[in-house]
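Asks: give the three-dimensional model of this entry:
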Amino acid sequence: MQEQTSPLQIADFRFYWLSRALATLATIGMVVIISYQLYDVARGQYGYSISEAAFLLGLLGLAQFVPVVIFTPIAGLVADRFDRRTVSASAMGIDLTIALVLAFVTQAGHISLLLLFTLAAMHGTARVFIGPALSAVTPNIVPVPLIPRAMAMSSMAWQSGAIGGPALAGMLYGMGHASPYWTSSGLLVAGILALLSIRRLPPPRENHGEPPLRQIVEGFRFVRNERFLLGCVTLDLFAVLLGGATALLPVFARDVLHVGAEGLGIMRAAPAVGAVAVSLYLSARPIAHNVGAKMLWGVAAFGATTILFGLSRNFALSLGLLALLGAADMVSVFIRSTLVQLNTPDAMRGRVSAISGLAISASNELGEMQSGLAAGLLGATGAVVFGGAGAIMVVVIWAVLFPELRNAPTFAPQYRQSHRQKEPAP
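Replies: Next up is the predicted model:
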């Protein structure tokens with residue numbers, strides 16, 4: 001049998017890649033339009049000021065985050081006890097329901113702030129179940145030597161959807177306000193079918209018969225005791241919590257750069273353009289050495305570019321800076337996600353992925369809340385600049401607190417080494 005040199009030679013991975021790209025294309029586009037509709041309705045229909053409407057964008061992030069806090073322990077356990085492919089497909093079905101509801105109510109002209117907040121919370125619930133199960137699928141269908149390359153390609157699938165989703169949604173919204181939601185519905189159906197085409201993935205045998213509550217606690221204990229994983233997870237939590245400018249893009253699109261919904265779609269896609277360029281490079285030449293230091297430098301570059309974006313008043317320059325921001329973020333995301341998967345036993349991948357997903361959601365949704373609050377106090381520009389500077393500070397602190405990250409030479413599993421070090425000498 002010919003040796004496999006690329007994950008794309010594996011049929012299950014091709015179905016996985018297609019499903020992730022389609023689902024991301026659908027949901028990212030849907031979320032972009034929800035945020036724009038919320039801001040536009042608040043400004044136009046309710047007569048809110050820029051600061052008040054920007055604060056609502058922060059609350060929208062909070063609405064998506066609350067379900068993450070509630071359901072993360074359960075989602076990780078479900079991903080480790082059931083077929084991960086079926087779990088992901090079921091959660092995608094929730095997003096499909098959201099898209100159909102939004103399509104009908106938008107077409108009928110019955111959009112309200114309460115409805116948008118409710119559906120955003122439902123999307124947060126769906127995402128918390130999709131994340132752990134879908135992240136844990138890759139190591140089950142790809143041989144270990146190909147996992148770094150597969151993680152880069154998986155990120156490329158997500159970023160491809162993140163590029164096309166906002167741009168497509170913005171264009172469709174200009175043609176008809178319900179069009180983005182009808183399109184998302186069709187894409188989600190295709191994504192679910194692709195995911196269910198993957199062979200069955202029985203849960204690890206180690207997870208049968210053990211009390212669910214004990215399994216949940218074991219997942220949190222494992223991450224807490226493994227400083228290497230703890231550093232990876234919390235780095236993203238605090239850096240993006242402070243440095244995320246995405247929540248305020250509707251403000252920049254409507255009232256700073258004056259480019260409207262179409263411009264917002266392009267702006268939301270710009271970071272993904274930079275990220276895809278890096279993903280293409282990493283899928284051909286994955287990072288193999290000094291991975292920890294490169295991850296930290298990637299986060300620092302993310303913070304610096306965020307500052308420059310906040311100060312820009314030129315649309316073309318802003319797009320370029322957003323692309324650079326996405327490229328820098330992709331370096332850290334690729335390294336961190338690969339480290340987390342390879343440094344976690346398969347029986348715990350769902351739970352650890354859920355905890356990692358909680359950190360990512362906290363950084364994204366609470367970051368949106370923080371951005372909204374900061375924008376109310378400092379203005380949109382001040383909030384973005386402050387956040388970028390905060391992300392750089394986090395890198396400096398984490399480099400000191402977690403030398404394991406700074407000194408990690410390769411993706412080699414560190415938890416095994418850690419466990420050996422804890423064993424008593426004979």
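
Asks: check the gap between Leu77 and Arg127 for me.
Replies: Leu77 is 17 Å from Arg127, where distance means C-beta to C-beta, to the nearest Å. All C-beta spots, glycine's among them, are computed from the backbone N, C-alpha and C.

Asks: who's more crowded, those two?
Replies: Comparing Leu77 with Arg127 by other C-beta atoms under 10 Å, the one with more neighbours is Arg127, at 26 against 21.

Asks: these two touch, right, that one and Met92?
Replies: No. Arg127 lies out of contact with Met92 (C-beta atoms under 8 Å); the separation is 9.9 Å.

Asks: SS state for His177?
Replies: State at His177, reduced to three classes by DSSP: H, G, I helix; E, B strand; the rest coil: coil.

Asks: so where does the residue nearest to it when sequence neighbours are not counted fall, helix or strand?
Replies: In space, and not counting its chain neighbours, His177 is closest to Thr106: 5.1 Å by C-beta to C-beta, 6 or more residues apart in numbering. Taking DSSP states H and E as the criterion, Thr106 maps to helix 84-108.

Asks: averaged pLDDT, that helix. What do you get?
Replies: Helix 84-108 carries an average pLDDT of 91.

Asks: could you do stretch 194-202 as well?
Replies: For stretch 194-202, the per-residue pLDDT averages 86.

Asks: so how far is it from its chain's centroid?
Replies: 22 Å (C-alpha atoms, centre = their mean, to the nearest Å).

Asks: buried sites along it?
Replies: Residues 194-195, 198, 201 are the ones in stretch 194-202 that count as buried (16 or more other C-beta atoms under 10 Å).

Asks: Ser184 reaches Ala23, doesn't it?
Replies: No. In this structure Ser184 lies outside contact range of Ala23 using C-beta under 8 Å: 9.5 Å.

Asks: ok, Ala150 - contacts?
Replies: Applying C-beta atoms under 8 Å, 6 or more residues apart in numbering, we find Ala150 in contact with 7, 13, 138, 142.

Asks: in helices, which of those residues fall?
Replies: 13, 138 (DSSP state H).

Asks: can you convert the contacts of Ala150 into a markdown table and add a column each for distance to Ile34 and neighbour count?
Replies: Compiled in a markdown table, those are given as follows (distance: C-beta to C-beta, whole Å; neighbours: other C-beta atoms under 10 Å):
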| residue | distance to Ile34 | neighbour count |
| --- | --- | --- |
| Pro7 | 33 | 25 |
| Phe13 | 31 | 22 |
| Thr138 | 29 | 25 |
| Val142 | 34 | 22 |
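
Asks: of all the contacts of Ala150, which comes closest to Glu226?
Replies: Thr138 (20.2 Å; C-beta to C-beta).

Asks: what strand or helix carries the nearest residue in space to the closest one that is not next to it in sequence?
Replies: Excluding its sequence neighbours, the residue lying closest to Thr138 (C-beta to C-beta, 6+ apart) is Ala150, at 5.3 Å. Applying DSSP H and E as the criterion places Ala150 in helix 147-175.

Asks: so what pLDDT did the residue nearest to Val144 when sequence neighbours are not counted get?
Replies: Nearest residue to Val144, sequence neighbours excluded (C-beta to C-beta, 6+ apart): Leu342, at 7.7 Å. Predicted confidence (pLDDT) for Leu342: 70.

Asks: what about Leu342, how many neighbours?
Replies: 18.

Asks: again with Asp255
Replies: Quick note: Asp255 (other C-beta under 10 Å) scores 14 neighbours.

Asks: now swap in the one 3 residues further on and tell me
Replies: His258 has 10 neighbouring residues, counting by other C-beta under 10 Å.

Asks: mind checking what secondary structure it has?
Replies: coil.

Asks: any low-confidence regions in the stretch 1-150 of the chain?
Replies: 1-4 (pLDDT under 70).

Asks: tilt between the helix holding Ala150 and helix 84-108?
Replies: On the basis of axes from the mean of the first three to the mean of the last three C-alpha atoms, to 10 degrees, helix 147-175 is oriented at 10 degrees to helix 84-108.
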